[in-house]
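Chemist: give me the fold of what follows.
(chains A and B)
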2 protein chains.
Amino acid sequence: MPLTGHNYIAGARSAEGAGTFFSVDPRSKTSGDLPFHNATRGEVDRAVAAAVAAFDEMRRYPSSKIADFLDEVAAQIEALGDELLHTADRETGLGLPRLTGERGRTTGQIRSFAALLRDGAYLRAIINSEGPGQPAIKQMQFPLGPVAIFAASNFPFAFAVAGGDSASALAAGCPIVVKAHPGHPATSELFAQAISAAVAKQGFPAGTFSMLQGSGIDVGGWLVEHDGIEAVGFTGSLRGGRAIHDIAALRPRPIPVYAEMGSVNPVVITQAALVERADEIAEGLVGSVTMGTGQFCTNPGLILLEDSDAARDFITAVTEQMAAAPEGVLLNEAVAAGLEGAVSQTAANAQIEVLTGGDANADGDAFCYTNTVMQTSAAAIRADDRLQVEHFGPVTLFALCADRADLRAAVDALEGNLTTTVHAEDSELADIGELLHQLREKAGRVIWNGFPTGVAVVRAMQHGGPYPATTAPGTTSVGMNAIYRFMRPIAFQNVPEALLPPALQDGNPLGILRLVDDAYTDGVV
Amino acid sequence: MPLTGHNYIAGARSAEGAGTFFSVDPRSKTSGDLPFHNATRGEVDRAVAAAVAAFDEMRRYPSSKIADFLDEVAAQIEALGDELLHTADRETGLGLPRLTGERGRTTGQIRSFAALLRDGAYLRAIINSEGPGQPAIKQMQFPLGPVAIFAASNFPFAFAVAGGDSASALAAGCPIVVKAHPGHPATSELFAQAISAAVAKQGFPAGTFSMLQGSGIDVGGWLVEHDGIEAVGFTGSLRGGRAIHDIAALRPRPIPVYAEMGSVNPVVITQAALVERADEIAEGLVGSVTMGTGQFCTNPGLILLEDSDAARDFITAVTEQMAAAPEGVLLNEAVAAGLEGAVSQTAANAQIEVLTGGDANADGDAFCYTNTVMQTSAAAIRADDRLQVEHFGPVTLFALCADRADLRAAVDALEGNLTTTVHAEDSELADIGELLHQLREKAGRVIWNGFPTGVAVVRAMQHGGPYPATTAPGTTSVGMNAIYRFMRPIAFQNVPEALLPPALQDGNPLGILRLVDDAYTDGVV
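Modeler: Next up is the predicted model:
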């Protein structure tokens, strides 16, 4: 289907607004010809009303029906073919190899949710059967209702219109209204066509899916304020996520906001690890910092080292490799401006030394930024929270610690992060546990002898962490447990079998794992 | 130990504030002699600092150690003996039989958490073992950190200083700072003595537990604003819970607030049920409305009936029984004033008819309110949200519906509730499913042919619901899943076995149920 620049509201195209914006190629800073229409308040209202109506149908659907729909969404995305890759590459500069991999991840995680639904244990069915003076109580998870999703810029497939937030909300049984990211509107429209086709083909209510375009903050604000929305999934900046969190919290009827807002992902490297593997770690670190032009929420942006000759040699080596590494393209003008602002603010601190980079190359043909390494002390990190700001791009900051105690104090002063990492040697296992478990308090994932970029989409993954990494540290936005952000438990007391969902019927017709009278079983009651 | 009127801060008594208040006997409106000291800001700071320090120890504790501590807390509560019952009876007027039962529930739920911890499956351990291009990822639940607990007035044992919120936070491994309810300060001090004794006996850090007294809103505000607090558990009024929610949401570092704020607990009774069981239902309803002088968050405060002679006869019968039922004592002056205000506001609506009661008996010896029945139409409920206000006391409101469609429309207009109830006959099973599942969207628990008061403390219980019943519909404050309000998942990537908690070690030394490579097993990896 040709691109139209329209919003997709419950299966129909709509372009009521006068305001438009254009897709921009970050490699050439040139705009496309097709105007994309900012959604109006009326269009937001229509999308949410359709989602509310759709929920009245979807909430009756068995898991298997939603699983079939998710499989169809994945198939429709694949049916977009190479046009999807080329369109996204033109809008984001991420390159075909990366985008090809990301497409596989995106359809893969959608199908993983379908598999989760077919297994059924995700419903967390719990049954306490009737006893003396005790009623029968049976609970399971149910969908929350219409969800607003804010797409990210840096994963135009895996965390955008049909990304992880959308997939987990749909899997939960919730209709979604997606605010597309203005950095890749054409890519977003292709996904909207794919999901809309899946909705139609599977006979789901039209309001199951809407996608709204918007280059400013109005559309998102209207969406979060709307009484028909029951929860929000967001992946993006701290500023954006916090604003949405506050709007949602102060609504007449507050709703949960699951915002993943990035992180500096501190990495601790011990002296022993440097002695043993300095070259290997330097190479890995440079690769992790520059991958995808550093535009990952798990980019290692803060490296803590105990001061030593080995540490200083390591910093020199990393700096040289960073200076020599090819310069990548940034996603868009907003990312370029944000990065320049963040590095400028950090570099203005008297305790910061810029070792390489720090230049925006504003006159170049492309949106880009030089690979940048900065250095400071652990004391400076403790003294000024602003040095923990995320530099969203190919930038990292070394903090030298006087000794282990200074390092521990710096870790204590860390804000919440998505990840923390330790590089250490097996010979240190007896001593390193305290530090490792101190680092665990600062993050959702702790990595040993690795790098934080590259987030495996598996059941055990936790992609979250204490604020400011997220607004909801008990939840994850990657992996199957992401579904619980959009579900809630409901208990039935003495309700007749005929009125219970199959997952709660005594005979266990779905054959799923349940907690029955305090024991896990896939048997009957 | 004698009562002192002091705050309990990390094992030491403290009374720095000049402001004091007194325990009041609601049966006689007479004050006790002992002044209870409002905590000062400095005392709040000390309590939280001690909790932060305690968490640095507690976060290392195995579940079994916390289980032993919980058992000791239960034993210490029992060791308070009858003094606890008599003190609470004098402060709350709830009567010895009810309080004796509530004590058993309180120690019972504490011991249930101990059993949960010893079982270990609650850790939700998930393991994905290493594979080609895939790291080993292992996650489980960890405690969030220091938790502020706001005690309720209406459950001086089961939802107060050592109540469900406290027990679940401690079970999670979180130190707690409890803001006692000013309605029963002496009872609160006894519990503080019991928990402090358990802390000392089990060698837990002193900051594991603090209790602060306060008759106003200052102490709670300071507590929720404090950067050392990671989460809040609250049981009380909508006004109080919402205020705390908003403070927490707007902190520089927002934290979750789990507020259970009561409910009107709508009950639908079908025509067929009235024809078959009017007398039985009337008796049950009157018992549920007047039990504990109606001071339950699950009190049935709104009854929806299709208009008919049977319905009008039923209302007449309930009204007569309510008028004849003995008048109970209210908990305290604030409850009496709140109830009078709420009923007055409702009765001022031109669509409301007061059938019996509606008087505060302000001149009596005791804080009390006449058993009250009001009547209105479903249309009036739909037209004015204020008619869904909770009347916290022995009060219920009938809403007559023109027909089934009018009933369904009224259910659609319901706000969030802790419970919804249907009384219907087996002959209606084929038709009633739609209504039942419409009611499920409005509550955390759906009851068939019963009454909402009486909340079984079992695994399948869900005591929560959409706002304004709670601020976190995905969570429960009764039952074992309450623990997850105060935990968060953390994943370990390629971390050596020696550094992992036992629950995540390949050999499964605890022998607990885990999700290993997508299959549930209590075996080894």
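
Chemist: distance of the most centrally placed residue in chain A from chain B?
Modeler: The C-alpha lying nearest the average C-alpha coordinate of chain A belongs to residue A:235 (C-alpha atoms, centre = their mean; 4.8 Å). To chain B, residue A:235 is 18 Å away according to C-beta to the nearest C-beta, to the nearest Å. Just so you know, the C-beta spots here come from the backbone N, C-alpha and C atoms, and that holds for glycine as well.

Chemist: and the longest helix for chain A?
Modeler: helix A:96-119 (DSSP state H).

Chemist: in the stretch 151-300 of chain A, which residue sits closest to chain B?
Modeler: Going by C-beta to the nearest C-beta, chain B is nearest to residue A:249 of the stretch 151-300 of chain A, at 3.5 Å.

Chemist: tell me how far that residue lies from residue B:2.
Modeler: 44 Å (C-beta to C-beta, to the nearest Å).

Chemist: quick revisit: so what are the sheet partners of the helix or strand just after the longest helix of chain A and their directions?
Modeler: Downstream of helix A:96-119, the next assigned helix or strand under DSSP states H and E is strand A:126-128. Paired neighbours of strand A:126-128 in the sheet (DSSP bridges): strand A:137-143 (antiparallel), strand A:514-516 (parallel).

Chemist: I'd like the distance between the residue with the largest distance to the centre of chain A and residue B:456.
Modeler: Using C-alpha atoms, centre = their mean, the residue of chain A lying farthest from its centre is residue A:132. It sits 47.8 Å away. For residue A:132, the distance to residue B:456 equals 12 Å [C-beta to C-beta].

Chemist: what about residue A:21, how many residues nearby?
Modeler: Number of residues near residue A:21 (other C-beta atoms under 10 Å in any protein chain shown) recorded here: 17.

Chemist: what parts of the stretch 301-450 of chain A come near chain B?
Modeler: Contact residues (C-beta under 8 Å from any C-beta of the partner chain) of the stretch 301-450 of chain A with chain B: A:416, A:426, A:429, A:432-433, A:436-437, A:440-441, A:443-450.

Chemist: pull out the buried residues from the residues you listed.
Modeler: Listed as buried from these are A:416, A:432, A:436-437, A:440-441, A:443-450; burial here means 16 or more other C-beta atoms under 10 Å in any protein chain shown.

Chemist: so what's residue A:380 up against?
Modeler: Contact analysis of residue A:380 by C-beta atoms under 8 Å, 6 or more residues apart in numbering or on different chains lists A:349, A:351-352, A:387, A:399.

Chemist: from those, pick the one nearest chain B.
Modeler: Minimum distance to chain B across those is 16.6 Å, recorded for residue A:387 (C-beta to the nearest C-beta).

Chemist: burial measure for that closest one, as a count.
Modeler: 21.

Chemist: one more: residue A:522?
Modeler: 14.

Chemist: same deal with residue A:350?
Modeler: By other C-beta under 10 Å, the residues close to residue A:350 number 7.

Chemist: one step back: residues contacting the closest residue to the residue nearest to the centre of chain A other than its chain neighbours?
Modeler: The shortest distance from residue A:235 to any non-neighbouring residue, by C-beta to C-beta, 6 or more residues apart in numbering or on different chains, is to residue A:152 (3.8 Å). Residue A:152 is in contact with A:159-160, A:163, A:181, A:235-236, counting by C-beta under 8 Å, 6+ apart.

Chemist: over to residue A:457?
Modeler: Shown in contact with residue A:457 (C-beta under 8 Å, 6+ apart): A:105, A:108-109, A:112, A:164, A:478-479.

Chemist: same deal with residue A:297?
Modeler: Under the criterion of C-beta under 8 Å, 6+ apart, the neighbours of residue A:297 are A:154, A:235, A:260-263, A:418.

Chemist: flag every buried residue along stretch A:80-99.
Modeler: For stretch A:80-99, a neighbour-count test (16+ other C-beta under 10 Å) marks A:80, A:84-85, A:87-95, A:98-99 as buried.

Chemist: just the contacts of residue A:457 now: which is nearest chain B?
Modeler: Looking across the contacts of residue A:457 and measuring by C-beta to the nearest C-beta, the closest to chain B is residue A:479, at 8.6 Å.

Chemist: on the three-state scheme, the spatially closest residue to that closest one that is not a sequence neighbour is what?
Modeler: What sits nearest to residue A:479 in space, not counting adjacent residues and going by C-beta to C-beta, 6+ apart, is residue A:461, at 3.7 Å. Taken by DSSP: H, G, I helix; E, B strand; the rest coil, the conformation at residue A:461 corresponds to coil.
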